[in-house]
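1. need coordinates for the following:
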Amino acid sequence: MKTLFKTLFIDHWPRKLLSLILAIIIFFVINKSLTTTKTITNVPVRIENIPSGKTVEGLQSNGFLNKKVSLTLSGNRSILENLNTNDVQAVIDATGKEGEWIATITKNSLRFENSEVNIAQGIRRVSQQNFIVKLTKIVSDKIPIILTQPIGEPPSGYQFIDIWPYQLYMTVSGPEEVVKSLKAKGIRHTFNLNDITKTKLDVLRSSNVHSDVVSFFVPDFMKQIPLPLLSPSPLEINDPDAKHLRIDFLRFEKLKLSAPLPVILYFPPNTPLNPAKVTLTSNHLIENKNGIKMITEPLFVRGVSSLFLNIVKDRMEIAITVNPNNENMLDWSVQFINPRVLEEKYIHAILSDTLDPELQELQPHLRDSYLRNRFRNYMNQLQLYKSDDSPLKLSPSLQGNVITLKDPGNEEA
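-> I've put the predicted structure just below:
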């Protein structure tokens, strides 16, 4: 026994000690070459076992948080070199948790997508990653969707009129603070007219030749609204009235105004001028017919339908506000006489046309709101043009007690 012990440990001990030291060094060198450290960015974080009636701020409908984390992993080189963001996720267990707490991501928190390779055994250590998780009450509420003025250009040959309905509501569920904030601010949604083709409007126009208005019903893909605090993908407007959502266009054409246009003077109550002494002088632009000053030059209109123009043409006038600025220039605008009566006539005329199936499908209160909104938009959008297709630009001025109305584009005026 002594001989065996002597042979193993004592004989040639310097060489054996050197061999042991070299073996240890080789072990550490090889082991080091087989391990590495790697940082993986944008790792998704999933929350499990959330108490009933609760949710986590920033939690999306798929169970993942809307924020991602970076993890530093140490382990087998061959496994880590092929590991990327799509292969790993961090899972936080919310069992028994309340309010706000600090969650720690450890090796046991990791889940791996590649089931063919036992990745977990190749991970030795995860650098500790802490972040705050806050449980909050989950609520549902209606969020106002405000449809803003669209961007882009309408297709050639068409003029944008309006969007209707101009406000919708969207029922969403999520963290109480997020839903309250969205409800208070509302969500603005903007359409791009460049997404609508001339071919599509031409087809719609040919199917309803009895109307100047072409209604483009908004497809579902244009009703998608991004809400990253609630969902990783856009949510569709779920208001029942969203099925009526349309963008109205008008055939871009010039309509002749067949009646002369009266010109009146409006004196604000605070004006220092005496209305009895101020007169509007006649010139080649203004004629006096039976004591009424009128523009008799042939005028044309854009921005309205022919039906609208036929109803209002005898109830239109140009009003000059006699309240001069520092240069004695005056403002002017197109006014409509008794617009409420004109509005009722317009609605009655539209509803008398039984050839418009789109309007027949609307419920009476929606149809009434839609038509009244269209009429008022026409009043705001009406533009006057001259026979040479240039916009009518008037320049009224006050000199003493005489008002002169000129056309800057016409030297004779």
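2. and the longest strand seen in the chain, how far out from the chain's middle?
-> What stands out as the longest strand in the chain, according to DSSP state E, is strand 129-147. When C-alpha coordinates are averaged (CA atoms, centre = their mean, to the nearest Å), strand 129-147 and its chain have centres 20 Å apart.
3. for the stretch 151-300 of the chain, give me the ranges with low pLDDT.
-> For the stretch 151-300 of the chain, applying pLDDT under 70 flags the ranges 208-211.
4. for it, which segments are assigned as strands?
-> Across the stretch 151-300 of the chain, reading from the start of the chain, the strands by DSSP state E, counting those that start in this stretch fall at 158-164, 167-175, 187-189, 213-217, 224-225, 235-236, 246-251, 255-257, 261-266, 279-280, 286-289, 292-295, 299-302.
5. out of those, nearest to L371?
-> strand 158-164 (9.7 Å; CB to CB). All C-beta atoms are positioned from the backbone trio N, CA, C, and that covers glycine.
6. circling back to that earlier point, could you redo the strands of the stretch 151-300 of the chain as CSV and give each row distance to L147 and mean neighbour count?
-> Written out in CSV, the entries for the strands of the stretch 151-300 of the chain read as follows (distance: least, CB to CB, whole Å; neighbours: other CB atoms under 10 Å):
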stretch, distance to L147, mean neighbour count
strand 158-164, 5, 21
strand 167-175, 7, 19
strand 187-189, 6, 17
strand 213-217, 14, 20
strand 224-225, 11, 14
strand 235-236, 15, 16
strand 246-251, 9, 20
strand 255-257, 28, 17
strand 261-266, 34, 17
strand 279-280, 42, 16
strand 286-289, 42, 14
strand 292-295, 37, 18
strand 299-302, 24, 19
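7. figure out which of the ones you listed is closest to V322.
-> In this view, the strands of the stretch 151-300 of the chain are compared for proximity to V322 by CB to CB, and strand 261-266 is the closest at 5.4 Å.
8. dump the strands of the stretch 151-300 of the chain to JSON lines, plus distance to S78.
-> Written out in JSON lines, the entries for those read as follows (distance: least, CB to CB, whole Å):
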{"stretch": "strand 158-164", "distance to S78": "58"}
{"stretch": "strand 167-175", "distance to S78": "42"}
{"stretch": "strand 187-189", "distance to S78": "49"}
{"stretch": "strand 213-217", "distance to S78": "57"}
{"stretch": "strand 224-225", "distance to S78": "43"}
{"stretch": "strand 235-236", "distance to S78": "42"}
{"stretch": "strand 246-251", "distance to S78": "57"}
{"stretch": "strand 255-257", "distance to S78": "77"}
{"stretch": "strand 261-266", "distance to S78": "86"}
{"stretch": "strand 279-280", "distance to S78": "93"}
{"stretch": "strand 286-289", "distance to S78": "92"}
{"stretch": "strand 292-295", "distance to S78": "87"}
{"stretch": "strand 299-302", "distance to S78": "72"}
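9. so which of those strands comes closest to N380?
-> Closest approach to N380 among the strands of the stretch 151-300 of the chain is made by strand 158-164 (9.7 Å; CB to CB).
10. residues contacting that closest one, please?
-> If you take CB atoms under 8 Å, 6 or more residues apart in numbering as the criterion, strand 158-164 is touched by 147, 150, 154, 191, 193, 198, 201, 213-214, 244-252, 302-303, 370, 373-374, 377-378, 381.
11. relative to S395, how far out is F267?
-> Going from F267 to S395 by CB to CB, to the nearest Å gives 19 Å.
12. look up how far R376 lies from F336.
-> Here the distance between F336 and R376 works out to 10 Å (CB to CB).
13. that older thread, what's the longest strand of the chain packed up against?
-> Helices and strands touching strand 129-147, by 3 or more CB pairs under 8 Å, 6 or more residues apart in numbering; DSSP states H and E, are strand 54-56, strand 69-76, strand 100-105, strand 167-175, helix 176-185, strand 187-189.
14. number of residues surrounding N380?
-> 9 (other CB atoms under 10 Å).
15. do the same with I311
-> Close neighbours of I311, defined as other CB under 10 Å, add up to 22.
16. number the chain from 713, please
-> Got it, first residue is 713 now, which makes that one I1023.
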